[in-house]
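Q: sequence unavailable; structure follows:
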């Protein structure tokens with residue numbers, strides 16, 4: 001493989017480090033040549049590292065002409081651009097060559113020229129146009145990928161990569177005292193030193209660091225701050241430090257050519273940017289075993305886990321930053337523990353080797369797509385309707401598909417396609433847009449219908465017709481067809497039963513079911529031609545966010561993370577109103593006997609909140625309401641905090657099962673009782689609910705007598721769930 005990288009050659013900071021370290025490692029695996037459009041430190045360092053470099057130092061047209069000749073004669077498989085000038089050059093040459101052009105997005109192009117309106121109006125606009133012209137874009141962090149999706153870029157043409165750091169590089173032997181002397185800093189040797197390394201311009205928001213430091217310094221006299229960087233805000237920051245009365249505790253080190261001494265001398269690293277991709281300042285600090293207190297932007301939360309590998313605060317929130325600095329400064333053991341944890345995590349996930357490996361994966365995915373006539377998957381289900389359970393199913397399917405191919409093309413049929421793109425990071429087409437859907441089906445290899453209960457006519461016959469029609473269209477367009485982790489039925493109308501059976505028999509290759517009752521239903525319908533597999537609901541294998549994130553979320557919601565809670569998740573349904581009094585009695589019983597506070601967690605927020613509130617208010621006990629949680633992993637982490645769960649919607653019970661929380665399901669549909677039976681949980685038919693029956697289930701569940709049996713059944717169901725993706729993999733590879 002031969003790849004030509006284009007860059008202006010005047011780059012510094014993270015982009016420079018990323019490109020040079022990447023090309024050095026790439027050239028151990030493929031041929032990766034570099035073009036710079038000016039002679040300077042960048043090109044000289046590249047040559048010293050053994051990277052093949054060509055410099056076109058004669059203006060834009062000379063660079064354009066020289067690059068064109070190189071591509072014509074070089075036999076390159078991919079052209080890879082970095083930065084606005086390279087992007088513009090690539091965009092102008094792209095039509096002349098039948099090879100893929102890629103651009104790495106190192107920073108938010110809308111903020112690159114913040115504070116320079118003329119440059120933004122010219123270079124910024126041209127860069128935006130050039131980025132849209134590229135075949136593919138590589139985003140430095142998942143967060144930047146999400147940003148580009150929100151701006152209308154096709155998610156299937158966006159890849160994520162993270163900056164890596166060289167952990168084989170030894171740490172410098174210079175002492176803090178020696179480094180202080182070198183830079184002219186007079187801080188005491190026993191000071192707790194906070195450091196921020198950044199260019200001093202608005203997007204880095206170093207002013208928030210100064211304000212947060214000033215807050216913490218009021219309570220910790222040993223705190224000191226080093227600002228390593230230069231830029232337009234230097235004067236303003238000096239004035240701010242003086243105004244806040246900390247000028248004697250803040251040292252402006254200016255621009256440092258060698259950062260090794262910096263990372264060997266600071267105790268706490270700070271990043272307070274309002275926008276980032278994934279800065280080297282966080283990985284270099286991790287290499288040195290220094291915890292970082294960072295704004296919650298870009299890819300930083302990927303490495304910084306609150307109270308585990310560092311601390312996070314919202315951009316501009318200097319008060320919280322101050323609290324984080326004070327907590328970290330006053331506890332040396334905590335600093336050491338977080339420093340060791342962040343170093344271990346960074347070594348595993350953010351080394352230069354892993355960055356190179358990821359870049360090679362991207363190149364291979366791009367070339368593989370060009371070689372294939374059909375690729376990827378179209379997924380159709382009840383998505384984009386605002387139901388957290390259905391969105392959890394979609395997340396589970398997407399996550400499992402990416403275990404087959406990290407960069408697989410995925411398109412989802414959704415009621416709100418823009419929301420689906422933003423939430424799940426995949427392409428989406430509107431349910432009503434059959435032209436766009438058929439276009440995607442003609443390109444895809446596999447069509448997935450599911451999961452959930454799509455083949456039923458109780459809630460809607462119209463939706464049944466839609467899902468059957470999409471299955472027919474998928475097969476006509478040449479796709480393999482799988483019904484994935486489905487529940488079948490109820491189907492009451494005889495004509496619906498016959499048509500459903502006919503479509504599944506003629507047009508479906510494999511059906512994986514989430515419960516034994518669905519297998520029985522298919523046998524009743526005499527569906528025999530597709531391969532039938534008893535699996536489980538895809539949501540069962542969704543992972544959980546760390547406990548610390550759940551606690552931080554509850555705290556942000558004004559809910560005590562140390563409280564004891566009973567999770568309540570009801571939904572409007574005929575007959576429920578007559579049972580609200582019994583449910584309220586059971587909630588009051590839980591509060592009085594077990595000290596549990598009802599915590600309302602609506603799965604479909606707009607539809608479910610009111611009825612859950614009615615039950616809690618009727619119980620006449622304190623209760624709290626969770627906001628809409630779109631992140632299934634966070635929802636499961638919150639569910640782990642629950643002592644007990646009572647719910648109607650199936651996916652509330654699935655979350656409870658994933659979080660190992662005991663539950664009682666109020667069954668309005670056979671799928672609820674079927675799931676409870678499948679994993680050994682408790683369920684009561686809605687129309688049979690009484691206060692006494694609910695209390696009996698609560699006592700039994702909180703008694704813990706069946707915990708081991710439930711755990712065994714749950715683990716068995718999780719293992720069976722993997723049969724869903726195993727079937728999809730066979731269809732994709734056949």
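A: Alright, I've got the coordinates. As the structure is a prediction and not an experimental result, all values here were calculated from the model. Residues are numbered from 1 along each chain as shown.
Q: mind telling me what element the closest residue to residue 728 other than its chain neighbours is part of?
A: Computed as C-beta to C-beta, 6 or more residues apart in numbering, the closest residue to residue 728 that is not its neighbour in sequence is residue 482, at 5.8 Å. Where C-beta positions appear, they are placed from N, C-alpha and C, glycine not excepted. Assigned by DSSP states H and E, residue 482 falls within strand 480-488.
Q: buried stuff in that strand?
A: For strand 480-488, burial by neighbour count (16 or more other C-beta atoms under 10 Å) applies to 480, 481, 482, 483, 484, 485, 486, 487, 488.
Q: one more: stretch 413-425?
A: Buried residues in stretch 413-425 (16+ other C-beta under 10 Å): 413, 414, 416, 417, 419, 420, 421, 422, 423, 424, 425.
Q: partner strands of the strand holding residue 482 and their direction?
A: strand 446-455 (parallel), strand 510-513 (parallel) (DSSP bridges).
Q: and stretch 196-206, how far apart are its ends?
A: End-to-end distance for stretch 196-206, by C-alpha to C-alpha, to the nearest Å: 8 Å.
Q: which residues does it contact?
A: 13, 108, 111, 114-115, 209, 225-234, 237, 256, 259, 262, 269-275, 281, 295, 315-316 (C-beta atoms under 8 Å, 6 or more residues apart in numbering).
Q: and if we set it to 7 Å?
A: 13, 111, 114-115, 209, 227-234, 237, 259, 262, 270, 272-275, 281, 315-316 (C-beta atoms under 7 Å, 6 or more residues apart in numbering).
Q: for residue 579, what are its contacts?
A: 686, 689.
Q: quick check: it is in a helix.
A: Yes. Assessed by DSSP: H, G, I helix; E, B strand; the rest coil, residue 579 belongs to a helix.
Q: per-residue pLDDT, it?
A: pLDDT for residue 579: 94.
Q: SS state for the nearest residue to residue 630 once chain neighbours are set aside?
A: Nearest in space to residue 630, with sequence neighbours left out and distances taken as C-beta to C-beta, 6+ apart, is residue 423 at 6.1 Å. When classified by three-state DSSP, residue 423 comes out as helix.
Q: what's the answer for residue 51, then?
A: coil.
Q: which of the helices and strands in the chain ranks last by mean pLDDT?
A: Using mean pLDDT, DSSP states H and E, the weakest-scoring helix or strand in the chain turns out to be helix 117-119, at a mean of 71.
Q: could you point out which element follows that one?
A: helix 125-133.
Q: that following helix - contacts with which helices or strands?
A: helix 84-93 (3 or more C-beta pairs under 7 Å, 6 or more residues apart in numbering; DSSP states H and E).
Q: identify each buried residue in the helix it packs on, please.
A: Judged by neighbour count (16+ other C-beta under 10 Å), helix 84-93 contains these buried residues: 84, 85, 86, 87, 88, 89, 90, 91, 93.
Q: just stretch 198-215 next, same as before
A: Buried-residue list, stretch 198-215, by 16+ other C-beta under 10 Å: 198, 200-215.
Q: quick one: end-to-end distance for that stretch.
A: 21 Å.
Q: related to what we said a few turns ago, got the strands paired with strand 480-488 as TSV, with distance to residue 644 columns?
A: Below are those laid out as TSV (distance: least, C-beta to C-beta, whole Å):
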stretch	distance to residue 644
strand 446-455	26
strand 510-513	29
